[in-house]
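1. Provided below for reference: sequence and predicted model.
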Amino acid sequence: VVFNGLAKWVEVPSSADATPAIQIEQVLSQMDQTLRRIGSDRTQVIQVIIYLSDLSDVQALNRQWDVWFPQGHAPVRACVQANLQSGYKIEVVVEAVANINGE
Amino acid sequence: VVFNGLAKWVEVPSSADATPAIQIEQVLSQMDQTLRRIGSDRTQVIQVIIYLSDLSDVQALNRQWDVWFPQGHAPVRACVQANLQSGYKIEVVVEAVANINGE
Amino acid sequence: VVFNGLAKWVEVPSSADATPAIQIEQVLSQMDQTLRRIGSDRTQVIQVIIYLSDLSDVQALNRQWDVWFPQGHAPVRACVQANLQSGYKIEVVVEAVANINGE
């Protein structure tokens, strides 16, 4: 949803039976698609709340996270452990600047 | 609270000792009251973050959720397991378009 | 980050090995610093999502919370249990009115 120029959405991995690293990769890749769709990009992500079903996946997350965001554009981030539906290893709530209206 | 036309609030069930299905019903019914109070309605809910103390209540949640929101107006939703205070089975963080100011 | 006059950020305690009460105190004290930096104050906090690694710390939280916010200015608050990184006892996601732009 886009409201007042800000888009909010939730990503879950497309393959709930993949390894944590692949699920994280899927979520980031889906974020790219959504960002493109709303006329935005990785530098315009404002906040990400990350739920991991296993906190020990945070290293795998950080390895991808640190290269995914352009230097100086890491968003506000919270990262906590929570049991997730459907075997998901990660679920994220994202907010980014949108350059379209409606949606 | 309403800011820039967007209302944000948290609902917890009024009866923390009721069954999960009734607690979910209470939360949805309270959402209706709050939406009315801010000049909004079910079609203008933007995002709901749902914390369930027991993930197996997600079926009961979905049964009510799917009929509560008018077709085509389901908001962005994240749903994770988290232990909750006071015996709550559900706690939700809601964002909706408000058609009043202040509050 | 500040967007449309609203600041969003995450606080974790500076001393992850301190007692819960001290970690809560650190988070509130850091909130003060951030509020000052964005030209805001305790009366302009809109929403706080609180993750506690141990729900029994909610009493210690409430004792500080109730005196920290000026009467009549408690923000919308959700408080759930979630395991946290690095030994943190508390992690909070904060939204407040900002009186600067950019950041």
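-> Yep, that arrived. Note that this is a predicted model, so its numbers are computed, not measured. Numbers count the residues shown, from 1 in each chain, chains lettered A, B, ... in the order given.

2. ok, what's across the strand from the residue nearest to the spatial centre of chain A?
-> Closest to where the C-alpha atoms of chain A average out (Cα atoms, centre = their mean) is residue A:92, at 4.9 Å. Residue A:92 has these beta-bridge partners by DSSP bridges: residue A:11, residue A:50.

3. Can you tell me which residues in chain A are near chain B?
-> A:1, A:3-4, A:8-10, A:49, A:51, A:82-85, A:91, A:93 (Cβ under 8 Å from any Cβ of the partner chain). For the C-beta atoms, the positions are set from N, CA and C on the backbone; glycine is no exception.

4. Keep only those residues that also lie close to chain C.
-> A:4, A:49, A:82.

5. Need the buried ones from these selected in ChimeraX.
-> Command for ChimeraX that selects the buried part of these, burial taken from 16 or more other Cβ atoms under 10 Å in any protein chain shown:
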select /A:49,82
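
6. Closest to residue C:77 out of the ones next to chain C among the residues of chain A next to chain B?
-> residue A:49 (15.7 Å; Cβ to Cβ).

7. Quickly find the element holding residue A:94.
-> Taking DSSP states H and E as the criterion, residue A:94 maps to strand A:90-97.

8. residue contacts, residue A:55?
-> A:81, C:83, C:84, C:85 (Cβ atoms under 8 Å, 6 or more residues apart in numbering or on different chains).

9. Just the buried ones from these?
-> A:81, C:84, C:85.

10. Quick one, grab the pLDDT at the closest residue to the second one other than its chain neighbours.
-> When the adjacent residues along the chain are set aside, residue C:84 lies closest to residue C:53, with 4.7 Å between them (Cβ to Cβ, 6 or more residues apart in numbering or on different chains). Per-residue pLDDT puts residue C:53 at 98.

11. neighbours around residue A:54, how many?
-> Residue A:54: 14 surrounding residues under other Cβ atoms under 10 Å in any protein chain shown.

12. My read is that it contacts residue A:20, right?
-> Yes: using Cβ atoms under 8 Å, residue A:54 is in contact with residue A:20, at 7.0 Å.

13. what's the overlap in contacts for these two?
-> residue A:89.

14. what packs against the longest helix anywhere in chain A?
-> If you go by DSSP state H, chain A has its longest helix at helix A:20-37. Here helix A:20-37 is seen to pack against strand A:6-11, helix A:58-68, strand A:90-97 when contacts are counted using 3 or more Cβ pairs under 8 Å, 6 or more residues apart in numbering or on different chains; DSSP states H and E.

15. of all the ones you listed, which lies closest to residue A:77?
-> Nearest of the helices and strands packed on helix A:20-37 (Cβ to Cβ): helix A:58-68, 8.0 Å.

16. Check the gap between residue A:76 and residue B:12 for me.
-> 25 Å (Cβ to Cβ, to the nearest Å).

17. So for these two, which sits in the more crowded spot?
-> A side-by-side neighbour count of residue A:76 and residue B:12, using other Cβ under 10 Å, places residue B:12 first with 20 against 17.

18. surely the more buried one meets residue B:27?
-> Yes: under the criterion of Cβ under 8 Å, residue B:12 makes contact with residue B:27 at 7.3 Å.

19. Need the residues touching each of these two.
-> residue B:90.

20. Mark which of the contacts of residue A:55 are part of strands, please.
-> A:81, C:83, C:84 (DSSP state E).

21. what sits against the second one?
-> Meaning residue C:83. Listed by Cβ under 8 Å, 6+ apart, the contact set of residue C:83 reads A:55, A:80, A:81, C:53.

22. Tell me the strands beside the helix or strand of chain A with the lowest mean pLDDT, with direction?
-> Across the helices and strands of chain A, mean confidence by mean pLDDT, DSSP states H and E is lowest for strand A:2-3: a mean of 92. Using DSSP bridges, the strands paired with strand A:2-3 are strand A:6-11 (antiparallel).

23. Please enumerate residues in contact with the partner strand?
-> A:1, A:27, A:30-31, A:34, A:38, A:40, A:46, A:91-98, A:103, B:46-47, B:76-78, B:95, C:3-4.

24. quick check: mean pLDDT across that strand?
-> Throughout strand A:6-11, pLDDT has a mean value of 97.

25. by how many degrees do it and strand A:90-97 diverge?
-> Counting by axes from the mean of the first three to the mean of the last three Cα atoms, to 10 degrees, strand A:6-11 lies at 170 degrees to strand A:90-97.

26. angle of strand A:6-11 against helix A:20-37?
-> Strand A:6-11 and helix A:20-37 meet at an angle of 150 degrees, taking the same axes, to 10 degrees as the criterion.

27. ok now strand A:6-11, how far from the chain's centre?
-> Remark: strand A:6-11 is offset 9 Å from the chain centroid, using Cα atoms, centre = their mean, to the nearest Å.
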